[in-house]
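A.B. asks: missing the sequence, but the structure's below:
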């Protein structure tokens, strides 16, 4: 196969008032026709800068200092991209090379329908009538498996789900049948089920009409690389440290950084953790510290001039669960399943609609704000986005000092020494205390979030997606830190995540949520080895893994239904790959039954099994 793209000795620099900083250091690689090349590495390694250098979309403060980027055009002419004028560059963008960006919501025009945005690309690069362009646009929507493409084409980006928006971005990228598609983290912000749908779509495109279209796939998810790519390039600090066939690199990595990346994955640590749990003695494992009974949370939907409506968002529906002392309960499910709402309702940042919350044999369901202040000293929360939850105007010392003074735990001088100990326990230097949130990396900010939860000496922590936005190696560091902190401070935790590999590695028990309901609950080893509910099976099947052998995935179609108008009966029946007769009719009621010791499943799937 002929080389479609050649990158030779590329150097890209960013300029500032303090001088120049190299982002790419003498990198060289090639992409062949019909090949999927994966570019992997941590944030800051130079992956996105590489793609922007190829596309000619670098920001004003960045420039390619030297090197060559040669593209074989549709006319089979070699073009040196770096020598093109802006006008010529615009001609090849979308036509010869196109790009799928990480966050479609920021890339799609909110004032135009998605159909108009696809038409714009077709009309710009193809000399065809608007009628024929519309036919092509509908064909593209069908190609990327958008249901009801005619209706969807007249909708705006905000009316579509994240998965649908990413499909629109792929349709725009495919509009002019480019020879090269650059996909920059196109699945990183998506749930594992929607990610599986998009990967399946990309595989179909790779193996069908786009057999001669190459893909440069940028990601930090090594499991996706194993499933999709032919070759892989590993980048570190602007340099290529390893390159080769995917299986060769994963099975026999030559560079220590590649090996560390692979070994940082939770799936490589699970066996060691299981052995550690067997050796370790169980203590207080029957003591229930938190008990929830028939918990509901609904948000009223205001409509019309008088803001009156009988509709409500049914976020949490009839949830009952127990959390045992010194254990970690994992809460898993897609976005919109009610995980975060349940976590905030437990700590009463959101008031429950009905139900009981019992913490340490004390019913806190109807506690007012004053009574909850004492409880919140014992129950703390680690939020998903530490940057959004940290005050940008306060340095870290003041941030950690504030809750101590509010709860009158100790005097200021004594608190300063205590905070130094906490900041050391979370692996940050003492000098960090005088710095502000914007001066830290994502992993460091998450450590500060953990420190803030620890300063009040809690007994129970609710961690809401604490590692979802982190690179795999930083994720491993934070998980190890949380495990050490749990042992050191004798903590009990609810760990909310959509990453099943992390749940399997870190948690003792798992509850699976779907559309406000818990549909399955079991010890972690039991649930992962013997899932009973169709939704759980689909979730586990969708997880891309480096070690896993190729198997047929259980794909669930579409997005999670609206919690305003959920399906009657079994809420999963509209997406279930194998619904029973009773499920289809919507006659069966939701509710957990114990099918094996400590293994609870929604009665709909329990009957089917």
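C.D. replies: Received, thanks. Not measured: the values here are computed from a predicted model. Numbers count the residues shown, from 1 in each chain.
A.B. asks: ranges for the helices of the stretch 51-200 of the chain?
C.D. replies: Assigned by DSSP state H, counting those that start in this stretch, the stretch 51-200 of the chain shows helices spanning 86-92, 104-107, 114-125, 130-143, 149-153, 162-174, 192-207.
A.B. asks: among these, which comes closest to residue 316?
C.D. replies: Evaluated with CB to CB, the helices of the stretch 51-200 of the chain place helix 192-207 nearest to residue 316, the distance being 20.4 Å. Every C-beta, even on glycine, is put in place using the N, C-alpha and C of the backbone.
A.B. asks: could you pull out the buried residues of that closest one?
C.D. replies: By 16 or more other CB atoms under 10 Å, the buried positions in helix 192-207 come out as 192, 193, 194, 195, 196, 197, 198, 199, 201, 202, 205, 206.
A.B. asks: so which of those comes closest to residue 568?
C.D. replies: Nearest member of these to residue 568, counting by CB to CB, is residue 193, at 22.0 Å.
A.B. asks: of the helices of the stretch 51-200 of the chain, which shows the lowest average pLDDT?
C.D. replies: For the helices of the stretch 51-200 of the chain, mean pLDDT drops lowest on helix 192-207, to a mean of 80.
A.B. asks: and the angle from it to helix 130-143?
C.D. replies: 120 degrees (axes from the mean of the first three to the mean of the last three CA atoms, to 10 degrees).
A.B. asks: give me the helices and strands touching helix 192-207, please.
C.D. replies: Applying 3 or more CB pairs under 8 Å, 6 or more residues apart in numbering; DSSP states H and E, one finds that helix 192-207 makes contact with helix 162-174, helix 222-228, helix 534-542.
A.B. asks: partner strands of the helix or strand just after it and their direction?
C.D. replies: Note on helix 192-207: by DSSP states H and E, the next helix or strand toward the C-terminus is strand 214-219. Sheet partners assigned to strand 214-219 using DSSP bridges are listed as strand 36-40 (parallel), strand 180-184 (parallel).
A.B. asks: relative to residue 378, how far out is residue 603?
C.D. replies: Distance, residue 603 to residue 378, by CB to CB, to the nearest Å: 35 Å.
A.B. asks: give me the mean pLDDT for the strand or helix carrying residue 593.
C.D. replies: Element membership for residue 593 (DSSP H and E) is strand 592-596. The average of the pLDDT scores along strand 592-596 is 91.
A.B. asks: what's the spacing between the closest residue to residue 26 other than its chain neighbours and residue 28?
C.D. replies: Excluding the flanking residues, the one nearest residue 26 by CB to CB, 6 or more residues apart in numbering is residue 9, at 5.3 Å. To residue 28, residue 9 is 6 Å away according to CB to CB.
A.B. asks: show the pLDDT at residue 273.
C.D. replies: Model confidence at residue 273 (pLDDT) stands at 65.
A.B. asks: tell me where the stretch 251-400 of the chain has strands.
C.D. replies: With strands called from DSSP state E, counting those that start in this stretch, the stretch 251-400 of the chain shows them at 288-300, 312-324, 328-332, 354-359, 362-363, 379-382.
A.B. asks: minimum distance to residue 554: which of those strands has it?
C.D. replies: Comparing these by CB to CB, strand 328-332 comes nearest, at 15.9 Å.
A.B. asks: I'd like to know which elements the closest one is packed against.
C.D. replies: Helices and strands touching strand 328-332, by 3+ CB pairs under 8 Å, 6+ apart, are helix 339-346, strand 492-497, helix 500-506, strand 509-514.
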